[in-house]
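Peer 1: my questions are about this predicted structure, shown below with the sequence.
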Amino acid sequence: GNSVTQMEGPVTLSEEAFLTINCTYTATGYPSLFWYVQYPGEGLQLLLKATKADDKGSNKGFEATYRKETTSFHLEKGSVQVSDSAVYFCALHAGNNRKLIWGLGTSLAVNP
Amino acid sequence: DAGVIQSPRHEVTEMGQEVTLRCKPISGHDYLFWYRQTMMRGLELLIYFNNNVPIDDSGMPEDRFSAKMPNASFSTLKIQPSEPRDSAVYFCASTRGGAGVGYTFGSGTRLTVV
């Protein structure tokens, strides 16, 4: 079946450090891939997405590239800020229903 | 657009009481999802609707939980009777059909059952 695997957290970085959060997936066909972010006390927000191989999604300095050959969609940011402290979820959509398949989330803490 | 609106934001109730959570999806979205989030179990899909019809309720934990969507602009999740283990944050999300369309989540209802 379809599944998403994210790197376990928590991840702790200093401000301006480089961020990578790994996400790999298993899916039949050609899924769409998403990253969501959840700030403390809030709902999940769509951060970026990619719908086909080699697409790069980007938003707020974050990027992720849909790599079909490695079935990956790793989230990266060149210079994190304290305000990026949140939980990040990788998700995929495949098939005819509209259910998203979620990773377990990775907590990121950025220290000043 | 006001986004997905959930009410109440916080609910504290005593064990055995009925709890009703409410959700207004984004206008034009034809899918609505109810999720529960806890530290122990993470994000769990409870039920989802398409065009007001329940499509998959396999995530509903037991008969104490029920959900309805009487029209395209309103849904409820009811717990009767509530138990302390139901304490969690409950999220509603909506989306429209089509590949690559993400969900829009509400701000959630934090339920505490004492």
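Peer 2: Nice, thanks for sending it over. Note that the structure is a prediction, hence the values are computed from the model and not measured.

Peer 1: residue numbers of chain B in contact with chain A?
Peer 2: Residues of chain B found near chain A (CB under 8 Å from any CB of the partner chain) are B:4, B:31, B:42-43, B:45, B:48, B:50, B:55-56, B:91, B:93, B:95, B:97, B:99-100, B:102-108. C-beta: built from backbone N, CA, C; applies to glycine.

Peer 1: same thing but at 10 Å, please
Peer 2: Within chain B, the positions near chain A by CB under 10 Å from any CB of the partner chain are B:3-4, B:6, B:9, B:30-31, B:33, B:35, B:37, B:42-45, B:48, B:50, B:55-56, B:59, B:89, B:91-93, B:95-108, B:110.

Peer 1: now the residues you listed: which count as buried?
Peer 2: B:4, B:6, B:31, B:33, B:35, B:37, B:43, B:45, B:48, B:56, B:59, B:89, B:91-93, B:95, B:101-108, B:110 (16 or more other CB atoms under 10 Å in any protein chain shown).

Peer 1: correct me, but residue B:29 touches residue B:95?
Peer 2: Yes: the criterion here is CB atoms under 10 Å, and residue B:29 meets it with residue B:95 at 5.6 Å.

Peer 1: one step back: what about the residues of chain B next to chain A, which are in strands?
Peer 2: Members of the residues of chain B next to chain A lying in strands (criterion: DSSP state E): B:6, B:31, B:33, B:35, B:37, B:42-45, B:48, B:50, B:55-56, B:89, B:91-93, B:95, B:104-105, B:110.
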